[in-house]
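**Student:** Let's see this in three dimensions:
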Amino acid sequence: MSEISLTASMRSNLLSLQQIAKLQDSTQLRLSTGLKVNSAIDNPSSYYTASSLNNRAEDLSALLDSMGQSVQTIKAATEGIEKAEDLLSQMKAIAEQVNTGVYVPEKSYFEKLVGANGAVVSTAEELRAAVDSGKEEICVYGKIDLGDISTSGGINLKENQKLVGVNYYGNFGSEGEEFSSISATATVAGKNLIDITKTGCLISNLNLSYENDIAIGGPAVIRVSGSNANLANLNIKAVYSDDSRNYIDRSAISINASTQIGGNLDINVSGSLGSGIFGHEITFLSDSLTNIKTFGSGSQGVYLNGTRCDINSGAILNIENNGSGNGLYTGGNAVYNINSGAIVNIVTSKNAAGISLRHNSQINIMGNLQIKVIVVFLHRQQIVITESI
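**Tutor:** Below you'll find the predicted structure:
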């Protein structure tokens with residue numbers, strides 16, 4: 001084996017290479033760790049100073065995290081308190097409303113119930129837009145006044161449309177019973193508050209009020225010419241000031257196609273020669289309670305103009321005629337069927353008839369019919385009322 005001899009210059013170069021390699025390793029370590037001092041051997045003073053700072057930084061980070069969590073907890077608590085205050089306010093309002101018999105949920109409640117294909121309306125513009133766009137279910141929220149419909153006309157429902165009030169969805173107290181209303185006036189002939197010309201329409205849980213100065217042309221609060229209509233839970237007031245027209249042209253409800261009446265119906269008609277319900281193909285359902293009051297000479301409770309009127313078992317029909325007309329009246333070729341279990345009560349003045357059937361008409365009484373005639377005499381400045389049943 002031969003020996004390798006190094007000159008002084010070669011040794012110097014070798015040591016330099018070794019030092020360069022060592023520095024290269026140190027540099028690579030620093031690059032990979034991101035630290036200039038990785039151990040106490042590198043620089044004891046710097047190492048322990050950095051270690052102390054790192055520990056302090058970790059403590060501060062932990063403290064910062066804890067502060068952040070505390071802030072979020074405070075925020076959540078604040079939101080909870082605010083929501084609790086809102087809930088308490090609502091509970092207080094509801095309690096006050098219930099205590100006074102007045103409670104109607106917010107509009108948003110009904111918007112969820114009617115869904116995307118329905119509408120909740122509070123103004124005449126909203127009501128007309130919802131009807132014209134064909135919304136399936138329209139809830140009247142509040143009291144809507146259509147004003148004078150002499151030029152614009154009333155409301156004409158589309159096929160299968162429902163026009164309802166808030167109590168259609170439940171009992172919301174006495175205010176709910178009067179909350180949903182539609183009113184209008186007219187000074188020309190032939191204007192109806194609501195027209196049903198299509199099939200399958202429903203009107204329910206509404207207060208309807210209509211005044212018309214010109215009775216000719218069929219002014220009615222509701223006029224039905226589309227089949228399979230349903231009317232339920234309505235409070236209707238009709239006022240007609242023109243006394244020169246025939247009652248065929250004026251009525252609270254005018255029916256010219258098959259119509260079912262259910263729930264509670266209160267009808268009040270003022271004006272001579274008017275009728276509570278006029279038309280044909282009328283069915284009072286078993287759950288119906290209908291109260292009709294008429295005021296004025298020649299007024300009719302129910303005017304059946306052909307075909308038939310069925311008063312089903314369980315139905316109650318009360319007619320109070322304060323004029324000189326009739327309780328039940330026919331225009332000819334009509335049949336009243338008071339079915340078993342039905343009740344019909346008619347109260348008239350001395351100048352009125354309980355029932356008047358004309359031209360091949362008939363009445364089939366299988367239920368309970370009571371006619372009461374109130375006769376008032378003046379006797380020594382006192383009023384004595386006698387009744388005949």
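
**Student:** Where is the longest helix in this structure?
**Tutor:** helix 44-99 (DSSP state H).

**Student:** ok, then the element right after that one?
**Tutor:** helix 107-114 (DSSP states H and E).

**Student:** which residues in the stretch 101-250 of the chain form strands?
**Tutor:** 118-121, 137-140, 143-148, 155-157, 162-165, 181-186, 194-196, 202-212, 220-224, 229-240 (DSSP state E, counting those that start in this stretch).

**Student:** Tell me how many other residues crowd T73.
**Tutor:** 10 (other Cβ atoms under 10 Å). Where you see a C-beta, it was placed from the backbone N, CA and C, and this is true even at glycine.

**Student:** and it, how far is that from S66?
**Tutor:** 10 Å (Cβ to Cβ, to the nearest Å).

**Student:** OK, contacts around the nearest residue to G165 once chain neighbours are set aside?
**Tutor:** Ranked by Cβ to Cβ, 6 or more residues apart in numbering and with sequence neighbours excluded, the top spatial neighbour of G165 is S180, at 2.8 Å. Residues near S180 by Cβ atoms under 8 Å, 6 or more residues apart in numbering: C139, V140, Y141, G142, K143, V164, G165, V166, N167, N205, L206, N207.

**Student:** so the first one makes contact with A119?
**Tutor:** Yes - counting by Cβ atoms under 8 Å, C139 touches A119, with 7.3 Å between them.

**Student:** So for the two, which residue has more residues nearby?
**Tutor:** Each of C139 and A119 has its neighbours counted (other Cβ under 10 Å); C139 has more, 25 against 22.

**Student:** Who does the most centrally placed residue in the chain form a beta bridge with?
**Tutor:** Closest residue to the average C-alpha location of the chain: C139 at 3.2 Å, with Cα atoms, centre = their mean. For C139, the beta-bridge partners are V120, V164 (DSSP bridges).

**Student:** neighbours of A8, just the number please.
**Tutor:** Applying other Cβ under 10 Å, I find that A8 has 7 neighbouring residues.

**Student:** and what of the one 3 residues further on?
**Tutor:** Neighbours of R11 under the rule other Cβ under 10 Å: 10.

**Student:** tell me the average confidence for the one helix or strand L15 maps to?
**Tutor:** Assigned by DSSP H and E, L15 belongs to helix 8-33. What helix 8-33 shows for mean pLDDT is 75.

**Student:** swap in stretch 152-163?
**Tutor:** In the prediction, stretch 152-163 has an average pLDDT of 95.

**Student:** List the contacts of that stretch.
**Tutor:** 127-128, 131, 134-138, 140, 146, 182, 184, 191-204, 206, 226.

**Student:** List the buried residues for it?
**Tutor:** The neighbour-count check on stretch 152-163 (16 or more other Cβ atoms under 10 Å) flags G153, G154, I155, N156, L157, K158, Q161, K162, L163 as buried.

**Student:** per the record, what domains does the chain have?
**Tutor:** 43-100, 111-388 (automatic domain parsing).

**Student:** and the gap between the residue nearest to G165 and R223?
**Tutor:** 20 Å.

**Student:** likewise S258?
**Tutor:** From S258 to R223 the distance is 14 Å (Cβ to Cβ).

**Student:** Contact partners for N230?
**Tutor:** Contacts of N230 (Cβ under 8 Å, 6+ apart): C201, L202, I203, S204, T259, Q260, G262.

**Student:** out of the residues you listed, which one sits closest to I355?
**Tutor:** Of all the contacts of N230, T259 has the smallest distance to I355: 21.4 Å, by Cβ to Cβ.

**Student:** low pLDDT regions in the stretch 251-389 of the chain?
**Tutor:** 350, 374-389 (pLDDT under 70).
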